[in-house]
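>>> What follows is a protein structure lacking sequence information:
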């Protein structure tokens, strides 16, 4: 459940202009309970930022996410997520370094759109850096590029204890979704 946050972090890598891109956005995660069909949905209204570069239709750079900005709608669960599992006082940020996101065409043109584009990178969460892969949808309108990135992460890969309460255990794999907006300059 906590790992998703990062995600949070991470994931989002969408840029659409040549040169430097300023990224802002939000993140959300879904953690599923076992054995029941319990779904824990966490989100942030903001907390995602970073700088990406676009050169020859290849995006690279780093995004950062404030893990402490995640909420699930249940105050006690949020407290446990941040204090016990994510340890946000020690690990306040998650980082996603995008190694390479190859675009097929010039994204600087209004009407640019791509869905399900694969990306690779390195996600640092809970003090541990691991490779991550995911997909991103991008579209440009009125000079602004918006994107939605998706990836899964395993809590155990980041040495985050798997939450359990009253016989319900959260699955080790958490789905992360990142919403971002890219603007020229930085």
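Right, received. Where do you want to start? Here the structure is a predicted model, which is why all the values come from computation and not from measurement.
>>> mind showing which ranges of this protein have poor pLDDT?
1-18, 36, 106, 108, 185-186 (pLDDT under 70).
>>> In it, where's the longest strand?
strand 19-34 (DSSP state E).
>>> Please enumerate the helices of this protein.
3-11, 75-80 (DSSP state H).
>>> Counting by contacts, list what the last one packs against.
Contacting helix 75-80 under the criterion 3 or more C-beta pairs under 8 Å, 6 or more residues apart in numbering; DSSP states H and E is no other helix or strand. (C-beta placed from N, C-alpha, C; glycine too.)
>>> for it, the distance to its chain's centre please.
21 Å (C-alpha atoms, centre = their mean, to the nearest Å).
>>> contacts for stretch 113-121?
10, 13, 96-101, 103-104, 107, 131-140, 149 (C-beta atoms under 8 Å, 6 or more residues apart in numbering).
>>> Could you list the buried residues of that stretch?
114, 117, 119, 121 (16 or more other C-beta atoms under 10 Å).
>>> What distance do you get for residue 164 to residue 171?
Distance of residue 164 to residue 171, given as C-beta to C-beta, to the nearest Å: 11 Å.
>>> same deal with residue 143?
40 Å.
>>> which one of these two has more residues nearby?
residue 171 (16 against 11; other C-beta atoms under 10 Å).
>>> possible to save the buried residues of stretch 113-121 as TSV with distance to residue 74?
Formatted as TSV, the buried residues of stretch 113-121 follow (distance: C-beta to C-beta, whole Å):
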residue	distance to residue 74
114	36
117	34
119	32
121	31
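>>> Which of those residues fall in strands?
Those of the buried residues of stretch 113-121 lying in strands (DSSP E): 114, 117, 119, 121.
>>> Return the set of buried residues in stretch 171-186.
171, 174-184.
>>> make that stretch 147-154, sorry
147-153.
>>> circling back to that earlier point, now for the longest strand of the chain, which elements pack on it?
helix 3-11, strand 39-43, strand 48-55, strand 58-66, strand 168-170, strand 173-184.
>>> Residues touching the fifth one, excluding its own?
Contacts to strand 168-170, defined as C-beta under 8 Å, 6+ apart, come from residues 1, 31-36, 38, 40, 155, 162-164.
>>> tell me which of those residues is nearest to residue 82?
residue 1 (10.8 Å; C-beta to C-beta).
>>> Give me the distance between the two termini of stretch 41-48.
18 Å (C-alpha to C-alpha, to the nearest Å).
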